[in-house]
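*Asks:* From the sequence below, what's the structure:
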Amino acid sequence: MKLSRQNLNIIIEQELKKLLSESLLSGIVHPNPSQIGLQVFATKRGPFNQDRLDRYTRKGRIYVYSSPQGTSDKPAEAFWTSTLKNNTSGWLDLCRDPDFWEAGAGEQAVIYEILPEAKVLLLRSPEDYNAIRQAYPIETFQGGADMYVMFGGYNPIGGSQNRDSKIIQGIDWGKLSKDYDAIYCTNKDCALGWDTESIAWWNLNVLKQIKIVDINDQCELVMDGGN
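*Replies:* Okay, the predicted model is just below:
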């Protein structure tokens, strides 16, 4: 098939953008993601429902998009896990923190192994965030949902997408998700609004389910029949 000059220019532009992104992000792709450790997905309520998760995905993938909320710029609709630490994880630690009003957990958690072929971006610091934003920029509305409840219904830093909403430059998570499988926030200070060590996944095909375990009323995993 003969390419038109216009289509050829589009292909060249896309390849140049990909090369630029890879150059900007060199050094922040995890060299061996299987060494990160086993991952814990904790339900928000009730038991784990595999059928519901299967309906939520399409061929093992989740459509993520950009929807910054307040100070947070996270991939909307991602599948979140955090690394297993004995009978807990970073997220379950927050569930036991009386000062962290957002956290909660249901009745069960799923333990996953990360397959070696996973392509995981590292997010270790605000500098990493800025590099990713430079590689995958998007102008989008800044919402205020994460501040709405705290301010009793008054949203001081954004709001619905109307003429008073603030336009900011964030990360184009939809475009980034075509090149990577997940992003790994390695610590609670990796970027504003990322509250704990965690991984946001949009390609679940690189996760292998190990087992399903219960979560007790202290927000701890019940491992091997123990408490």
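
*Asks:* State the number of residues packed around D73.
*Replies:* 25 (other CB atoms under 10 Å). (C-beta placed from N, C-alpha, C; glycine too.)

*Asks:* Which pLDDT value belongs to the closest residue to D97 other than its chain neighbours?
*Replies:* Counting by CB to CB, 6 or more residues apart in numbering, A103 is the residue found nearest to D97 once chain neighbours are left out, at 6.7 Å. Listed pLDDT for A103 reads 80.

*Asks:* can you count the residues close to A103?
*Replies:* As a burial measure, the neighbour count of A103 was computed by other CB under 10 Å and equals 19.

*Asks:* Please verify my assumption that it contacts L94.
*Replies:* Yes - A103 lies in contact with L94 (CB atoms under 8 Å); the separation is 4.0 Å.

*Asks:* In which helix or strand does the spatially most central residue of the chain reside?
*Replies:* Averaging the C-alpha coordinates of the chain gives a centre point, and the residue nearest to it by CA atoms, centre = their mean is A200 (2.3 Å). Using DSSP states H and E, A200 sits in strand 198-201.

*Asks:* Any chance you could list what contacts that strand?
*Replies:* When contacts are defined by CB atoms under 8 Å, 6 or more residues apart in numbering, strand 198-201 is touched by residues 36, 39, 62, 64, 74-75, 78-83, 90-91, 120, 181-185, 207.

*Asks:* Let's see which of the residues you listed end up in strands.
*Replies:* Counted as lying in strands by DSSP state E, out of those, are 39, 75, 79-83, 120, 182-185, 207.

*Asks:* which one of those is nearest I168?
*Replies:* P75 (15.7 Å; CB to CB).

*Asks:* separation between that closest one and R96?
*Replies:* Separation of P75 from R96 (CB to CB, to the nearest Å): 26 Å.

*Asks:* who has more neighbours, those two?
*Replies:* Neighbours were counted for P75 and for R96 using other CB under 10 Å; P75 has more, 22 against 13.

*Asks:* wait, what's in contact with the more buried one?
*Replies:* Counting by CB under 8 Å, 6+ apart, the residues that P75 touches are V64, Y65, S66, I171, W173, L176, S177, I183, A200, W202.

*Asks:* Quick check: the gap between the last one and G104.
*Replies:* Right, W202. The value you get for W202 to G104, if CB to CB is used, is 23 Å.

*Asks:* higher neighbour count, these two?
*Replies:* W202 (23 against 14).

*Asks:* May I have the phi/psi pair for the more buried one?
*Replies:* Backbone geometry at W202, expressed as degrees, to the nearest 10, gives phi -130, psi -10.

*Asks:* Next: K188.
*Replies:* phi -70, psi -10.

*Asks:* who's in contact with I171?
*Replies:* Applying CB under 8 Å, 6+ apart, we find I171 in contact with S66, D73, P75, Y129, I132, R133, Y136, P137, I138.

*Asks:* And the pLDDT at it?
*Replies:* In this prediction, I171 carries a pLDDT score of 94.

*Asks:* I'd like the ones in strands among the contacts of strand 198-201 as JSON lines, with distance to V213 and pLDDT appended.
*Replies:* Listed next are these as JSON lines, based on distance: CB to CB, whole Å; pLDDT from 0 to 100:
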{"residue": "Q39", "distance to V213": "13", "pLDDT": "98"}
{"residue": "P75", "distance to V213": "26", "pLDDT": "95"}
{"residue": "F79", "distance to V213": "18", "pLDDT": "97"}
{"residue": "W80", "distance to V213": "17", "pLDDT": "97"}
{"residue": "T81", "distance to V213": "14", "pLDDT": "97"}
{"residue": "S82", "distance to V213": "14", "pLDDT": "97"}
{"residue": "T83", "distance to V213": "15", "pLDDT": "98"}
{"residue": "V120", "distance to V213": "24", "pLDDT": "96"}
{"residue": "A182", "distance to V213": "22", "pLDDT": "98"}
{"residue": "I183", "distance to V213": "25", "pLDDT": "97"}
{"residue": "Y184", "distance to V213": "22", "pLDDT": "98"}
{"residue": "C185", "distance to V213": "23", "pLDDT": "97"}
{"residue": "L207", "distance to V213": "16", "pLDDT": "98"}
